[in-house]
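1. I'd like to go over a predicted model; first the sequence, then the structure.
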Amino acid sequence: MTLDLKRALNSEQYRAASALDGPLLVIAGAGSGKTRMLTYRIAHMLEQGIDERAILALTFTNKAAREMGERIRSLTGKPLENLTTATFHSFGMGTLKQYIQHLGFRNNFTIYDTNDRMALIKEVIENLDYVVESFDLFELSALFSDVKTGRKSFGANASQKIRGLYEEYEQHLKAYNAVDFDDLITKPMDLFNAHPQVLEKMRQRYTHILVDEFQDTSLAQYRIVEILARESRNLCVVGDDDQSIYSWRGANYENLVMFERDFPERIEVKLERNYRSSGTILDAANSLILNNRERKEKKLWTDGGRGSSIRLIHPANDEDEASQIADQIMLAHKKEDRPFCDYAILVRTNSLLDTLEAKLTERGIPTIVTGGTSFFDRKEIRDIVSYLKVVANPSDDINLLRIINTPRRGIGRTTLERLRRVGDDHNASLFTAAQIMGRSTDGQMREGIRLAVARFASLIDDYHHDLFQRGKSKAQVLRSLVEEIDYKSHIEAEHPDNEAAVAFKMKGVVLLSDMLARFERENPGSSIFDFINRLSLAGKESEAEADGGKVALMTIHSAKGLEFDTVFVAGVEDRFIPHARAIEDDPANIDEERRLFYVAITRAKRALILSSCENRRRNHVETPSLPSRFLQEMPKELFDEEDPAKQLTGDEMVDKLRLLRERLEKKIG
């Protein structure tokens, strides 16, 4: 098909989509159609004869990357099997799969997630004969991440103990043929710097690079795309500095300044026409963000009309806030016949979620809380994935330690310490140590323990053979393994007299094996390591859009990139918006807190309701709250502010009484 860019896009989108050569900076305001522009730009590149293999489009979630690829295929009507639309981490993983041998690793490496990383840090501490309890593992993990990605350095006064732990951690990763998530970003740069021939191959492959959500890139991520595009100069970055809200995880909105410095010949395009929100909502957002000085000047506008005023309510306390929001959603749902998925409730911190969720549930309003326990973080799923990782790679000591006594086999701490000693003596993995101990005849170990270790080693060895047997279903191997270890009995022992919990957890295990079966069908020729690494990369994607019948309840950070017909923002009070701790840590954080509120406001399409409580419970004591200072930065005429003394109209009174009666009938029934 032939694309008609001028007809499909507005003038500024067209300018960005048609500029195919050289560096391009697109400042894309909230709701300005940047994804549409990007997909048409890539489709236009393909139409102009640019090889799909030469295009690299990077974004920040698996979902966004997947949707971008689907939209481009839909536009072009082509399969585009060699077009790369990926997250930075997925791209890093693919690069390492090809070239990590140059860094002394094997290509079938394992990716350690956050839990694996914490377990390895704990192991390193124990190996160095330190007391685990004397360290904060979360702080240590965060420090290691900051050091590895260049956000921090140990500094001259850093203790030798901490430096030694970090060095041991890195050595253990290499010994286990494993990388952590930070390595997926940093090790490609190590490759490019140490092996110019690898960099040259990548430059020849990817001659046209695009980056979405550029304001969320870290310095390390920017360095990757900059070095790849340094010769071709064909780098397009799309972002909005007003929506930069992830500095706490390394995002550096100043990358926009670095891009301007590194690519002075760039073309710059601003997308300011908003296709999402009403004029009133945009006026509030524009007025708010003007108070940030270090920003690209832009002003969102729409020809979609003014819309209704922003409502500002002042509940008495947390409970009243939750009740009012729940009642308003239920009333609108019934009167206007709106689906619950039209509504979102946003909060600054997780601490505000519980009261809201409880009240919505009490009212019978279906709710999905984004940020709850991920499927892949559930204990039973982690157990079975650990089995799969060890069966695939028996040298994976971290995951072996998780499963060696799950279900219980009588292999306790003393036996594990003996295993470690055998492994150290033979310079071998714990699995090899288990094989050696299982064959031991020195009589220093109880026969029951020796047999338990031998049976475990044999189990892993047998299933390792089955897993790599040509023509055999890997999903069936996993199902057989779950049955052989009798995992259901293990769950039943952990949850006696709770059949529902057992059924729920085993359903998840079945779902995992079904996922593997589907992966095998859809990816013929792929290895089990491809599936395992895909699981490791499965981020906590927002489920809110996928569930059409529930109110979305989430933090503002989780709402980034989403939109809803009606948005409630709860806790619009100083101490929450802006967050007191962020301001105490650094007064300069006020700009990011303002950007965060800007993101919250611009999620709303038709209606925006802000809630500021008069009192809020803190540490079990109800204390007065002050409205957020950000409310004063928006014109008062945009608001319909609730007057607590206001008399209800007749219709409003009837609606309130009907809701009250329904709640009473429900309680009595």
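-> Nice, thanks for sending it over. Numbering: from 1, shown residues only.

2. So what's the model's average confidence on the helix or strand M189 falls within?
-> With elements taken from DSSP states H and E, the one containing M189 is helix 183-194. Mean pLDDT, helix 183-194: 97.

3. Can you point out the buried residues in the longest helix anywhere in the chain?
-> Once the chain is assigned using DSSP state H, the helix that runs over the most residues is helix 499-522. Judged by neighbour count using 16 or more other Cβ atoms under 10 Å, the buried positions of helix 499-522 are V502, K505, M506, V509, L512, S513, M515, L516, A517, F519, E520. Every residue, glycine included, has its C-beta placed from N, CA and C.

4. before we move on, what SS does Q632 have?
-> Secondary structure state of Q632, per DSSP: H, G, I helix; E, B strand; the rest coil, is helix.

5. What residues of the helix or strand following the longest helix of the chain count as buried?
-> Secondary structure here is assigned by DSSP H and E; on that basis, the next helix or strand after helix 499-522 toward the C-terminus is helix 528-537. Within helix 528-537, the residues that qualify as buried by neighbour count (16+ other Cβ under 10 Å) are I528, F529, F531, I532, N533, R534, L535, S536, L537.

6. quick check, nearest of these to P79?
-> Closest to P79 out of these is R534 (20.2 Å), distances taken as Cβ to Cβ.

7. Surely the closest one is in contact with F519?
-> Yes - checked against Cβ atoms under 8 Å, the pair R534 and F519 is within contact range at 7.2 Å.

8. Give me the contact list for the helix holding M189.
-> Residues outside helix 183-194 that contact it (Cβ atoms under 8 Å, 6 or more residues apart in numbering) are 88-89, 91-93, 95-96, 99-100, 102-103, 111, 148-150, 173, 179, 198-199, 202, 218, 220-221, 223-224, 227.

9. And these, which of them are buried?
-> Using 16+ other Cβ under 10 Å as the burial test, those include 88-89, 91-93, 95-96, 99-100, 103, 111, 148-149, 173, 179, 198-199, 202, 218, 220-221, 223-224, 227 as buried.

10. Which of the residues you listed fall within strands?
-> Judged by DSSP state E, those include I111, V179 as members of strands.

11. Could you list every helix and strand in contact with the longest strand along the chain?
-> Counting residues, the longest strand found in the chain (DSSP E) is strand 604-611. If you count contacts as 3 or more Cβ pairs under 8 Å, 6 or more residues apart in numbering; DSSP states H and E, strand 604-611 packs onto helix 279-289, strand 310-313, helix 318-335, strand 564-569.

12. For these, give me CSV that also has mean pLDDT, mean neighbour count and distance to T602.
-> What follows is these, written out as CSV (pLDDT from 0 to 100; neighbours: other Cβ atoms under 10 Å; distance: least, Cβ to Cβ, whole Å):
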stretch, mean pLDDT, mean neighbour count, distance to T602
helix 279-289, 97, 22, 5
strand 310-313, 96, 20, 12
helix 318-335, 93, 19, 20
strand 564-569, 97, 24, 9
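
13. Test for you: state the pLDDT assigned to the nearest residue to G104 once chain neighbours are set aside.
-> Counting by Cβ to Cβ, 6 or more residues apart in numbering, G104 lies nearest to K174, which is 6.6 Å off, once chain neighbours are set aside. What the model reports as pLDDT for K174 is 92.

14. and stretch 40-52, which residues are buried?
-> Buried residues in stretch 40-52, defined by neighbour count with 16+ other Cβ under 10 Å: Y40, R41, I42, A43, H44, M45, L46, I50, E52.

15. then that stretch to PDB, C-alphas only?
-> Taking only C-alpha atoms (Å, rounded to 0.1, in the frame of the first residue of the first chain), the coordinates of stretch 40-52 have been written out as PDB:
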ATOM      1  CA  TYR A  40       4.000   6.200  10.200                       C
ATOM      2  CA  ARG A  41       7.600   7.300  10.100                       C
ATOM      3  CA  ILE A  42       8.900   3.700  10.200                       C
ATOM      4  CA  ALA A  43       6.300   2.600   7.600                       C
ATOM      5  CA  HIS A  44       7.500   5.600   5.400                       C
ATOM      6  CA  MET A  45      11.100   4.500   5.900                       C
ATOM      7  CA  LEU A  46      10.200   1.000   4.700                       C
ATOM      8  CA  GLU A  47       8.300   2.400   1.700                       C
ATOM      9  CA  GLN A  48      11.300   4.500   0.800                       C
ATOM     10  CA  GLY A  49      13.400   1.400   0.500                       C
ATOM     11  CA  ILE A  50      15.200   1.300   3.900                       C
ATOM     12  CA  ASP A  51      15.800  -2.300   4.800                       C
ATOM     13  CA  GLU A  52      13.800  -3.500   7.800                       C
END
